[in-house]
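Colleague: All I have is the shape, not the residue letters:
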């Protein structure tokens, strides 16, 4: 859904500027989320959040970052710079990784360090070819990276947090819309643009809710790869629908970014396999312990399962855990009553 946002925002008339679209996006998203919270009876959680000053400060800051992100995106789409937005969103996971190292002191792997250097090279290619900074491709990942960083520190649910963020931005958005009305510059009325302004709340909230639902049903590695679908769709839309030219320097930049992402992905897959092997070794250790101590209750099985963060059923489904399973079954089998 996020991949087709460029198509949606291109439906607006050319005389409707990005600031007006952004203001209405905030206003109608606020009303839609307020309605959802009231229907689900969760406004109590919002009132509780409003009493937490520390969380409010964090959400006000994250609200500024997400507003910048939305505004730059809408501006870029309206200015025919969809390829620049897709490049920015490809860079996004690498920027987030770099912020994790700088802010949270996370350890950067060799593959990650090489990937960051490749991204810097890709940006330099853009600067050399254009003679200026690719601002859209830089501001989008930076604003979203800082947004994700603040939200990680705040530790608040995505929906409630986004509602508070739009709540903070709502007065500014409403003030701008009223200013347009008083100066007879508003495009809101009985027209197609007004309908698009209202439904912009839906294209904002529905993908977010779907993404949050997916995170509870799909492993994080898969979700990470799925996030590359959106900028890929944006590239296809830019080239084949809106006729943007994929110039040589842009193609080189994209290839470099894809190389960086491939390196990080390959390193992630290798680390995951290595961790899985370590888990299996833990299974063997636990199984041998169970067999040696003669524990025969289901609590022991649950303990063995937790070592690999698997359910009891999944524990015995793993092909390489068969020997472990046999050992654990033996340790947990009822004593011979003959």
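Modeller: Perfect, I can see it now. No experiment lies behind these values; they were computed from the predicted model shown.

Colleague: next helix or strand past the helix or strand encompassing residue 102?
Modeller: In the assignment (DSSP states H and E), residue 102 maps to helix 82-103. Using DSSP H and E, the helix or strand that directly follows helix 82-103 along the chain is helix 110-130.

Colleague: so what secondary structure elements neighbour the helix holding residue 102?
Modeller: helix 53-78, helix 110-130, helix 135-154, helix 229-240, helix 248-293 (3 or more C-beta pairs under 8 Å, 6 or more residues apart in numbering; DSSP states H and E). C-betas here are computed from N, CA, C, even on glycine.

Colleague: any chance of those in TSV, plus mean pLDDT?
Modeller: TSV is the format used below for the helices and strands packed on helix 82-103 (pLDDT from 0 to 100):
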stretch	mean pLDDT
helix 53-78	89
helix 110-130	80
helix 135-154	84
helix 229-240	81
helix 248-293	68
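
Colleague: what's the closest of those helices to residue 33?
Modeller: helix 53-78 (13.0 Å; C-beta to C-beta).

Colleague: Give the buried residues for that closest one.
Modeller: 55-56, 58-59, 61-78 (16 or more other C-beta atoms under 10 Å).

Colleague: Distance of residue 39 relative to residue 77?
Modeller: Relative to residue 77, residue 39 is positioned 31 Å away (C-beta to C-beta, to the nearest Å).

Colleague: correction: residue 260
Modeller: Counting by C-beta to C-beta - residue 260 and residue 77 are separated by 25 Å.

Colleague: tally of neighbours for residue 35?
Modeller: 11 (other C-beta atoms under 10 Å).

Colleague: packing partners for the strand or helix carrying it?
Modeller: Using DSSP H and E, residue 35 sits in helix 18-39. In terms of contacts (3+ C-beta pairs under 8 Å, 6+ apart), helix 18-39 is packed against helix 43-49, helix 53-78, helix 158-182, helix 192-215.

Colleague: got a list of contacts for stretch 161-171?
Modeller: 26-27, 29-30, 33-34, 37, 46, 49-50, 55-56, 59-60, 62-64, 66-67, 151, 154, 156, 205, 208 (C-beta atoms under 8 Å, 6 or more residues apart in numbering).

Colleague: change it to 6 Å
Modeller: Residues outside stretch 161-171 that contact it (C-beta atoms under 6 Å, 6 or more residues apart in numbering) are 26, 29, 30, 33, 59, 60, 62, 63, 66, 67.

Colleague: From the chain's centroid, how far away is it?
Modeller: 19 Å (C-alpha atoms, centre = their mean, to the nearest Å).

Colleague: Also stretch 191-206?
Modeller: Distance, stretch centre to chain centre, for stretch 191-206: 22 Å (C-alpha atoms, centre = their mean).

Colleague: Using neighbour counts, pick out the buried residues of that stretch.
Modeller: By neighbour count on 16+ other C-beta under 10 Å, the buried set for stretch 191-206 is 193, 196, 197, 198, 200, 201, 203, 204, 205.

Colleague: Closest one to residue 97 out of the residues you listed, please.
Modeller: Ranked by distance to residue 97 (C-beta to C-beta), the buried residues of stretch 191-206 are led by residue 204 at 25.8 Å.

Colleague: residue contacts, the closest one?
Modeller: The neighbours of residue 204, taking C-beta under 6 Å, 6+ apart as the test, are residue 29.

Colleague: What's the separation between it and residue 82?
Modeller: Distance, residue 204 to residue 82, by C-beta to C-beta: 18 Å.

Colleague: wait, doesn't residue 197 sit right on residue 24?
Modeller: Yes. Using C-beta atoms under 6 Å, residue 197 is in contact with residue 24, at 3.7 Å.

Colleague: Please enumerate residues in contact with stretch 70-82?
Modeller: With C-beta under 6 Å, 6+ apart as the test, stretch 70-82 has contacts from 6, 9, 18, 21, 22, 84, 85, 136, 139, 140, 234, 238.

Colleague: Check stretch 142-159 too.
Modeller: 55, 58, 61-62, 65-66, 68-69, 92, 95-96, 99, 103, 212.

Colleague: any chance of those residues in a markdown table, plus distance to residue 118?
Modeller: Output for the contacts of stretch 142-159, formatted as a markdown table (distance: C-beta to C-beta, whole Å):
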| residue | distance to residue 118 |
| --- | --- |
| 55 | 37 |
| 58 | 32 |
| 61 | 30 |
| 62 | 29 |
| 65 | 25 |
| 66 | 27 |
| 68 | 26 |
| 69 | 24 |
| 92 | 15 |
| 95 | 13 |
| 96 | 16 |
| 99 | 17 |
| 103 | 22 |
| 212 | 31 |
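
Colleague: nearest to residue 173, of those residues?
Modeller: residue 66 (12.6 Å).
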